[in-house]
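Enquirer: got a sequence here, can you model it:
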Amino acid sequence: MAEEAWTRHAIISFDGGGIRGYGSLLILQALMEKVGIEERRIDSAIKSSFAPCMYKPTKIGFSTPYTKGVESFEASIVTETNSNGLSNDSLFLPCHYFDYGAGTSTGGLISIMLFCLRMTVHDCINEYKILGNKIFGHPRPCSLRGILWPKYSSESLKRVINEASGRHNNTGYRLNYEVEEQLSQCIVVAYPDSNAPGETPYLFRTYEPPHCSQDDIDDLYEKFRSDPRHHPSMIPLHKVARATAAAPAFFRPVRILPAHRGIPLPAMRFKDGGFGCNNPSEEAYHDVLRNHGGLSKNIGPFVSIGTGLKQLRLFSDKKGNFRDVWANVMAALKRPTLTTLAHNSMSYLANFDRKPRFHYYRFDGGEALGKIAMDEWKTYKTKRSSHEKKQPGAKTLEDIQRAVETYLQGKDVQETLNDCAEKLVERRRLRTVDPSRWERYATTSYYLCKEGTCDRARFNTSLDFRNHSESSHGFEAGDTLDEKLEECRKYWWLYPG
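Expert: Alright, predicted model coming up:
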């Protein structure tokens, strides 16, 4: 059972939906609240989803001058972040319960925050509010926009992503779109900005893609994907964020320049993944399936979170590029249908041939959430200290919150949340049976050996490092080896203090 918990890969998927993604996060918040309750029902002493490891490792102080990269981590003391008084949405992290987080459009931004930046749901909600205000709260003045101008500034989105990265990373200089192996991974869906018929979504992965045949390599986008210079570690995080969120009505399509075997290729333009794939569940499912043997028994649980049931309202503003007007209008009209089709397809796959293959949960958000426009950002005035102050976006955020609260009150929704939480907690607890493997997965730790001729040889788990120290350097189990473990432990990701 413990090994099966590692071979079955849990996935969470987020639909696109503009500011309604805030509602998706509120649904996830409710799920993590249930997770925390279930964790403490089983073990009242548990502090967080890091357990039995320290909560949110952070570094304090420097014994040598600060430099970027691994050396900066080595020069500091790593300690546990204070968790006293925190709520469940801060203590139990999605990246500890799901191996893959997938998203499209603003759902892609959520996946980046939760799985690349390893945020808590509480922090992600706060960042989403900031994003809403800086993007939807500051459209370009109509006098400066025309048929060729998008409604929002791409530079604003870039700044928002970079600022969020800096706030949630101890080094303060993040980042490229990468996640190390043996950790939760991220899938962001974008759409190639071309007129080619039958164009398919493009997946930005933080992991190596499944093997491609030579026929695949002949495709331009496969060349782009296979170029080592466009490995995830080489692509700036903000470019991936812009690629998935670049709805032509909102932002300019982003250009990313590829090359294949040293031969330059035309720049790739990407636009909002939601225009061809608003619910990325199927794309995520099939990609993870290929990455793990092609067997459905290696999947689950699978959670899909939507942004409402109501058909999307088209924008009254003119589109960002005249040649895209008709294509984008038709794509927008299709989005609700494609979202439903993806859900129906996932339900079928989860119970293929009338046999349960994996646990699949869909939380669509309900009709009230779907009635809110994607780029709505309404404010009302409140009197404080005898003068009026505007609360940016307060009305829209409260409308979303009320809509989600109503949705969550449904008996079926509550039962589904409870069942999902039980499955996720059971799986996490089974994984902790292997403490060495869990430490790596939960805290991003690894070990660098400095003994003898294997100067700085790397080991991802404490067990591998122990075995190496005993067999190669004659260390025996006990205080000396334990001290060596502490001395040689490093972290790929550390939280701000």
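Enquirer: count of residues packed around the closest residue to residue 493 other than its chain neighbours?
Expert: Spatial nearest neighbour of residue 493, chain neighbours left out: residue 444 (4.3 Å); criterion: CB to CB, 6 or more residues apart in numbering. Glycine gets a C-beta too; all of them are placed from N, C-alpha and C. Residues within reach of residue 444, counting by other CB atoms under 10 Å, total 21.
Enquirer: for residue 183, see how far away residue 444 is.
Expert: From residue 444 across to residue 183, the span is 6 Å (CB to CB, to the nearest Å).
Enquirer: quick check: neighbours shared by those two?
Expert: residue 492 (CB atoms under 8 Å, 6 or more residues apart in numbering).
Enquirer: pLDDT weak spots in the stretch 51-200 of the chain?
Expert: Applying pLDDT under 70 to the stretch 51-200 of the chain flags residues 61-76, 138-154, 171-174, 193-199.
Enquirer: what about 80?
Expert: Along the stretch 51-200 of the chain, the model assigns pLDDT under 80 to residues 60-76, 136-157, 170-175, 191-200.
Enquirer: for the stretch 351-497 of the chain, which segments count as strands?
Expert: 360-363, 381-384, 387-390, 445-449, 457-459, 489-491 (DSSP state E, counting those that start in this stretch).
Enquirer: return the member of these having the minimum mean pLDDT.
Expert: Of all these, strand 387-390 carries the lowest average pLDDT, namely a mean of 50.
Enquirer: leaving aside the residues adjacent along the chain, what's closest to residue 421?
Expert: residue 34 (3.7 Å).
Enquirer: over to residue 170?
Expert: residue 494 (4.0 Å).
Enquirer: wait, the one you found touches residue 60, no?
Expert: No - if you go by CB atoms under 8 Å, residue 494 and residue 60 don't touch, sitting 10.2 Å apart.
Enquirer: separation between residue 405 and residue 126?
Expert: The separation that residue 405 has from residue 126, given CB to CB, amounts to 19 Å.
Enquirer: of those two, who's got more company?
Expert: More crowded of residue 405 and residue 126, by other CB under 10 Å: residue 126, with 15 against 12.
Enquirer: that one - that's part of a helix, no?
Expert: Yes - judged by DSSP: H, G, I helix; E, B strand; the rest coil, residue 126 forms part of a helix.
Enquirer: strands of the stretch 51-200 of the chain, start to end?
Expert: 57-60, 77-80, 100-104, 185-192.
Enquirer: the closest residue to residue 427 other than its chain neighbours and residue 493, how far apart?
Expert: Spatial nearest neighbour of residue 427, excluding adjacent residues (CB to CB, 6+ apart): residue 5 at 5.0 Å. The spacing between residue 5 and residue 493, counted by CB to CB, is 22 Å.
Enquirer: okay, these two: which has more neighbours?
Expert: Ranked by neighbour count (other CB under 10 Å), residue 5 and residue 493 place residue 493 first, with 22 against 17.
Enquirer: residues in contact with that one?
Expert: Residue 493 sits in contact with 118, 169, 444, where contact means CB under 8 Å, 6+ apart.
Enquirer: can you rerun that using 10 Å?
Expert: 56-57, 73, 95, 116-118, 168-171, 174, 179-180, 183, 443-445 (CB atoms under 10 Å, 6 or more residues apart in numbering).
Enquirer: same question, residue 297
Expert: 4, 7-8, 357-358.
Enquirer: count of neighbours near residue 14?
Expert: Residues near residue 14, counting by other CB under 10 Å: 31.
Enquirer: tabulate the contacts of residue 297 in JSON lines, adding columns for neighbour count and distance to residue 242.
Expert: Shown next, in JSON lines, are the contacts of residue 297 (neighbours: other CB atoms under 10 Å; distance: CB to CB, whole Å):
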{"residue": "4", "neighbour count": "11", "distance to residue 242": "39"}
{"residue": "7", "neighbour count": "11", "distance to residue 242": "35"}
{"residue": "8", "neighbour count": "19", "distance to residue 242": "33"}
{"residue": "357", "neighbour count": "17", "distance to residue 242": "36"}
{"residue": "358", "neighbour count": "21", "distance to residue 242": "33"}
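Enquirer: and which of these is nearest residue 436?
Expert: Checking those against residue 436 by CB to CB gives residue 7 as the nearest, at 16.9 Å.
Enquirer: so that closest one sits against residue 427, correct?
Expert: No - Residue 7 is beyond contact range of residue 427, at 11.0 Å (criterion: CB atoms under 10 Å).
Enquirer: nearest residue to the residue most central in space within the chain in space, please, no chain neighbours.
Expert: Compute the mean C-alpha point of the chain, and by CA atoms, centre = their mean the closest residue is residue 111, 1.8 Å away. Among residues not flanking residue 111 along the chain, residue 103 sits closest, at 3.6 Å (CB to CB, 6+ apart).
Enquirer: quick one: contacts for that neighbour?
Expert: 12-16, 21, 24, 109-115, 186-189, 244-245, 273-274, 280, 284, 305.
Enquirer: ok, residue 488 next?
Expert: Per CB under 10 Å, 6+ apart, neighbours of residue 488: 74, 446-451, 456, 458-459, 462, 465, 469.
Enquirer: same check, this time on residue 2
Expert: Contacts of residue 2 by CB under 10 Å, 6+ apart are 429-434, 437.
Enquirer: for residue 374, state which of these is nearest.
Expert: The closest of the contacts of residue 2 to residue 374 turns out to be residue 431 (CB to CB; 37.4 Å).
Enquirer: next one, pLDDT for the closest residue to the closest one other than its chain neighbours please.
Expert: Among residues not flanking residue 431 along the chain, residue 5 sits closest, at 4.9 Å (CB to CB, 6+ apart). On pLDDT, residue 5 comes in at 93.
Enquirer: surely residue 445 and residue 439 touch.
Expert: Yes - with contact defined as CB under 10 Å, residue 445 reaches residue 439; the gap is 5.4 Å.
Enquirer: coming back round to it: got a quick PyMOL command for the buried subset of the contacts of residue 493?
Expert: Here is the PyMOL command that selects the buried residues among these (16 or more other CB atoms under 10 Å):
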select buried, resi 56+57+73+95+116+117+118+168+169+170+171+174+179+183+443+444+445
